[in-house]
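Enquirer: What shape does this take:
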Amino acid sequence: MRARPQRSGTIYYYFDVGGTPRREIPLGADFVEAVRKWSELEAQSQNRHAQLVTFRYAAERYVREVLPVKARRTQRDNLLELENLYKFFDELCTLRMTYFSVSGPSQISRHAMQWI
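Expert: Residues are numbered from 1 along each chain as shown. Predicted structure coming up:
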């Protein structure tokens, strides 16, 4: 959230969306109202990214865009490797959503040790 003083002395608040050129959404002059709007916009952007970007999403995009360019043997090997990776990351994602909160690398490594 950016605060910008105007010539009149009033301070207006803006939500910085980012990008080039920079885009900003005006939040108003009232600080409390601006913080409320800012928190809503921030929560919306975080939820959208959390839902879209998963290992499966990235791997499926890899299969669509990168894998067809590779040699036939490499394609076959990558698909076989992806099966195990899907099993691991899908199970990890399910565990995390149900009862497992990833609070550090130690928990992930403990789960990974079961696969070795």
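Enquirer: Could you list the buried residues of the longest strand along the chain?
Expert: The residue-count maximum for a strand in the chain (DSSP state E) belongs to strand 11-18. Using 16 or more other Cβ atoms under 10 Å as the test for burial, strand 11-18 gives 12-15. Where you see a C-beta, it was placed from the backbone N, CA and C, and this is true even at glycine.
Enquirer: strands paired with that strand, and their directions?
Expert: Sheet pairing here is set by DSSP bridges, and for strand 11-18 it gives strand 2-5 (antiparallel), strand 23-28 (antiparallel).
Enquirer: N78: which of these is closest?
Expert: When the strands paired with strand 11-18 are compared for distance to N78 using Cβ to Cβ, the nearest one is strand 23-28, at 37.9 Å.
Enquirer: thinking again about what came up before, kindly indicate which of the buried residues of strand 11-18 lies nearest D90.
Expert: Once Cβ to Cβ is applied, the member of these that ends up nearest D90 is F15, at 34.5 Å.
Enquirer: show me the contacts for the closest one.
Expert: F15 is in contact with 1-2, 24-25, 27, 37-38, 41-42, counting by Cβ atoms under 8 Å, 6 or more residues apart in numbering.
Enquirer: and these as TSV, adding distance to L85?
Expert: Converted to TSV, the contacts of F15 look like this (distance: Cβ to Cβ, whole Å):
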residue	distance to L85
M1	39
R2	41
E24	40
I25	38
L27	42
K37	40
W38	37
L41	34
E42	31
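Enquirer: could you redo the residues you listed as CSV and give each row pLDDT?
Expert: Output for the contacts of F15, formatted as CSV (pLDDT from 0 to 100):
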residue, pLDDT
M1, 81
R2, 87
E24, 88
I25, 89
L27, 92
K37, 90
W38, 87
L41, 84
E42, 81
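Enquirer: okay, now the domains of the chain?
Expert: Following automatic domain parsing, one finds the domains of the chain at 2-52, 60-113.
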